[in-house]
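Student: any chance you could fold what I've pasted below:
(chains A, B and C)
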Amino acid sequence: MGLSVKLPLPEPFDFHLTVGHQTHFRGRAGADLYVDATYYRALRRGDDIIVAAAKPTDDAQLEVRLLSPGSDRELAFASDAMRHLLALDIDLTGFYSMLEHDQGLSDAVGRLRGLRPPRSESVFEALVVAIIGQQISANVARVIREGLIEAYGTPVEAEGHALHAFPTPESFNNATPDELRGLKLSARKVEYIQDTARRTLEGELEIERFTNMDNEEVIAELTKVRGIGRWSAEWMLMRALGRLDVLPAGDLALRRVVSELYFDGATITEPQLAAFGEERWAPYRGLATTYLFAYLRQQRLAKGGEAPAQPG
DNA sequence: AGCCAGGCTCTCG
DNA sequence: CGAGAGCATGGC
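Tutor: Here you go, the predicted model:
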């Protein structure tokens, strides 16, 4: 059994699209699991692991269940976590009115109504995922991420499903570089990830340090860290801090999709995309980015035809 | 087979 | 300054 609570759903909210995007429409992606129309996640609270499940109810609410031992306190943690992970706290109305005046964007993402920009559990998770994803294709990054989480995450069972909490900074810090290289990371990415783990353990990357900074201040701070460039910092801003007006203009896939939608396939540079986005999408550049990535993921899925998403 | 992927650092002119 | 090499591996 276990404890549960029902959350009111914001409007608009599409559970399937949001969790599907979080799991790359594959049912499982790293620490996130989406099966039986239920979103599962194992979360860390200090040294404890809280296992939470979320599922929409017939009366248009979101039921959050606590699957690990605990009481009201743990349930409240699980419920807050789900609100954070699924971005239930943000207001999408401004973005949607902007969309009405943007033909290119609404043609591409008009069918994604109710998608919310899902978030990571922590700054550490967002940075590690960003570092893994540098330069390589989203597919390769996903494979490598799976391997790391299986090897270093904490295994948990949730209603018969295998689940992993995202690895701790300690676990990466204690690993030898050779072990991590064995998991398909380049020697350089191993350095970056272990350095990020060490800085996290030393308290240098605590989320509180960033919450009062504006985007450019956060980027300036993070890019002092070797291995974290502008793109990775922007990834962290979107995924960990939930910033809604971030445009990773250096992102190759984003440049290509914008080029297709607005420039007839002509190549655009990073400064061109930055200027275009500022004029066109501010203050919702991050939402536009999430929607375009989701659009790309759906395109790829439709083309590749593998790994069906859960029925919605 | 070879080339490109949701970057970043380092080196060199 | 800007340009170019190298990185690791999966997919086309």
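Student: what about the residue nearest to A:L241 when sequence neighbours are not counted, neighbour count?
Tutor: When the adjacent residues along the chain are set aside, A:L241 lies closest to A:F210, with 6.1 Å between them (C-beta to C-beta, 6 or more residues apart in numbering). (Each C-beta comes from the backbone N, C-alpha and C, glycine too.) A:F210 has 20 neighbouring residues, counting by other C-beta atoms under 10 Å.
Student: over to A:S97?
Tutor: Applying other C-beta under 10 Å, we find 10 residues neighbouring A:S97.
Student: still on that earlier bit, the residue nearest to A:L241 and A:I131, how far apart?
Tutor: In this view, A:F210 and A:I131 are 17 Å apart by C-beta to C-beta, to the nearest Å.
Student: on that earlier part again, show me the contacts for the residue nearest to A:L241.
Tutor: The contact partners of A:F210, taken as C-beta atoms under 8 Å, 6 or more residues apart in numbering, are A:123, A:218, A:221, A:241.
Student: pretty sure it belongs to a strand, no?
Tutor: No - secondary structure of A:F210 (DSSP: H, G, I helix; E, B strand; the rest coil): helix, not part of a strand.
Student: sec struct for A:A54, please.
Tutor: Three-state assignment for A:A54 (three-state DSSP): strand.
Student: give the contact list for it.
Tutor: For A:A54, the contacting residues are A:15, A:38-39, A:62-65, A:82, A:86, by C-beta under 8 Å, 6+ apart.
Student: nearest to A:R181, of those?
Tutor: Nearest to A:R181 among the contacts of A:A54: A:Y39, at 32.7 Å, using C-beta to C-beta.
Student: what helices and strands are in contact with the helix or strand where the closest one lies?
Tutor: In the assignment (DSSP states H and E), A:Y39 maps to strand A:38-45. Applying 3 or more C-beta pairs under 8 Å, 6 or more residues apart in numbering; DSSP states H and E, we find strand A:38-45 packed against helix A:15-22, strand A:32-35, strand A:48-56, helix A:72-85, strand A:154-158, strand A:161-165.
Student: DNA strand C contacts on the stretch 151-300 of chain A?
Tutor: By C-beta under 7 Å from any atom of the strand, the residues of the stretch 151-300 of chain A that approach DNA strand C are A:181, A:184-189.
Student: just the buried residues of these.
Tutor: Among these, those classed as buried by 16 or more other C-beta atoms under 10 Å are A:185, A:189.
Student: in the residues of the stretch 151-300 of chain A next to DNA strand C, find the pair that's most separated.
Tutor: Checked with C-beta to C-beta, those reach their widest spread between A:K184 and A:R188, with 13.1 Å between them.
Student: correct me, but A:E206 touches A:F124?
Tutor: No - using C-beta atoms under 8 Å, A:E206 is not in contact with A:F124; the gap is 9.7 Å.
Student: of these two, which one has the most company?
Tutor: More crowded of A:E206 and A:F124, by other C-beta under 10 Å: A:F124, with 26 against 14.
Student: what's the mean pLDDT across the helix or strand encompassing that one?
Tutor: For A:F124, the host element (DSSP H and E) is helix A:123-133. Here helix A:123-133 scores 98 as its mean pLDDT.
Student: next, see if it gets close to DNA strand B.
Tutor: Yes - contact of helix A:123-133 with DNA strand B (C-beta under 7 Å from any atom of the strand) involves A:130, A:133.
Student: picking that back up, what's the PyMOL syntax to select whichever of the contacts of A:F210 are buried?
Tutor: Typed into PyMOL, the line below selects the buried ones among the contacts of A:F210, using 16+ other C-beta under 10 Å:
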select buried, chain A and resi 123+218+221+241
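Student: dump the contacts of A:F210 into TSV; add secondary structure and distance to A:V257 as well.
Tutor: Shown next, in TSV, are the contacts of A:F210 (DSSP: H, G, I helix; E, B strand; the rest coil; distance: C-beta to C-beta, whole Å):
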residue	secondary structure	distance to A:V257
A:V123	helix	27
A:V218	helix	25
A:E221	helix	29
A:L241	coil	24
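Student: what is the nearest of the contacts of A:F210 to A:E11?
Tutor: Among those, A:L241 lies closest to A:E11 (C-beta to C-beta), at 23.7 Å.
Student: nearest spatial neighbour of the residue of the stretch 151-300 of chain A found nearest DNA strand B, skipping sequence neighbours?
Tutor: Closest residue of the stretch 151-300 of chain A to DNA strand B, C-beta to the nearest atom of the strand: A:G229 (2.6 Å). Take A:G229 and drop its neighbours on the chain: the residue closest to it by C-beta to C-beta, 6+ apart is A:T223, 5.9 Å away.
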